[in-house]
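Participant: sharing a sequence plus its predicted fold:
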Amino acid sequence: MHRTRRVLALTVSAALGVVGGVVGGLLLDRSPEMADPLGLGIPMVNQPCSGDSILMLSWGDAGPALGTGVGEAPQGLARYLDTHHSCRTFYTPRKPHYVTYLGPFGTRHQACRRRMTERYAGDVVTRLHEGNVRQVECTCFVRATDAPDLRTGGETGLGDIAWIRSLQRMLHDMHLMNEHLTGAYDDTTQRAVEKFQTARGLNPSGEMTSVTWPQLLTAGCRLYTS
């Protein structure tokens, strides 16, 4: 009987030793180095569906695809997330595994004010809201007075590209032209603007100015209410 108890005690001790080793291993796995599993030099911070917005800098399924986003962000502000363990929102049509980002921002206005600048001309904003089906249309969350004058043959800077692509997306969604997201204010875009101006009783100049922008944003932004 005593021998049986001794064997049982040794067995329990051995089992506890294994469990302790596993727990210890898990604790080691939580070392600071694991906060950056892709080795990007920035922390991975997954995000819940908080209703906040993030400015997405780059996206992809592996580390190399995210490098441009890291370099684009101000020192110490960039983060990245695993979309499989973050809010099930709309990131990009390609459904990337990882996203580098700035934020989160409490409102879409805050995120979009930063996005609609030359530095972030190629980036996009998404809202951390489950069931979200599109990226944020940032021209609807900044002041129309910030919009640039646009015309064919006119000079455009990097900061204008975001406005032009948003304009083209709205014109497409308003059924004024086929999908044409070039980021260039070309003849196709001008003709679609002329259609809009004619329908609104404006001078059909084909130019986007302080007269046309407010009316187009009022009409177009109604399509993006989520």
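Facilitator: Alright, I've got the coordinates. Residues are numbered from 1 along each chain as shown.
Participant: give me the residue at the spatial middle of this structure.
Facilitator: The residue lying closest to the centre of the chain (Cα atoms, centre = their mean) is Met56, at 3.3 Å.
Participant: ok so that one is a strand residue?
Facilitator: Yes - under DSSP: H, G, I helix; E, B strand; the rest coil, Met56 sits within a strand.
Participant: phi and psi next, for Leu102.
Facilitator: Dihedral pair for Leu102: phi -110, psi 150, per degrees, to the nearest 10.
Participant: quick revisit: contacting residues around the residue nearest to the centre of the chain?
Facilitator: Each residue near Met56 by Cβ atoms under 8 Å, 6 or more residues apart in numbering is listed here: Gly69, Tyr91, Thr92, Val99, Thr100, Tyr101, Asp123, Val124, Val125, Thr126. Quick note: C-beta positions are derived from backbone N, CA and C, even for glycine.
Participant: mind running it again at 6 Å?
Facilitator: Residues counted as contacts of Met56 (Cβ atoms under 6 Å, 6 or more residues apart in numbering) are Val99, Tyr101, Val124.
Participant: who does the first one bridge with?
Facilitator: On DSSP bridges, the residues paired with Val99 through beta bridges are Trp59, Leu81.
Participant: next: the last one.
Facilitator: According to DSSP bridges, Met56 are recorded as the beta-bridge partners of Val124.
Participant: tell me how many other residues crowd it.
Facilitator: 23 (other Cβ atoms under 10 Å).
Participant: for the contacts of Met56, which one is nearest Leu176?
Facilitator: Closest approach between the contacts of Met56 and Leu176, by Cβ to Cβ: Val124, at 22.4 Å.
Participant: pLDDT score for that closest one?
Facilitator: At Val124 the predicted local confidence, pLDDT, stands at 93.
Participant: my guess is Ile161 meets Gly183, correct?
Facilitator: Yes - the pair Ile161 and Gly183 passes the contact test of Cβ atoms under 6 Å, sitting 4.3 Å apart.
Participant: quick one: the residue nearest to the centre of the chain from Val124, how far?
Facilitator: Distance, Met56 to Val124, by Cβ to Cβ, to the nearest Å: 5 Å.
Participant: for Arg169, same thing?
Facilitator: Taking Cβ to Cβ, one finds Arg169 at 11 Å from Val124.
Participant: lowest average confidence, helix or strand, in the chain?
Facilitator: Taking mean pLDDT, DSSP states H and E as the measure, the helix or strand of the chain with the lowest value is helix 2-29, at a mean of 39.
Participant: how about Arg222, phi and psi?
Facilitator: Per-residue torsions, Arg222: phi -60, psi -20 (degrees, to the nearest 10).
Participant: what is the burial count for it?
Facilitator: Neighbours of Arg222 under the rule other Cβ under 10 Å: 10.
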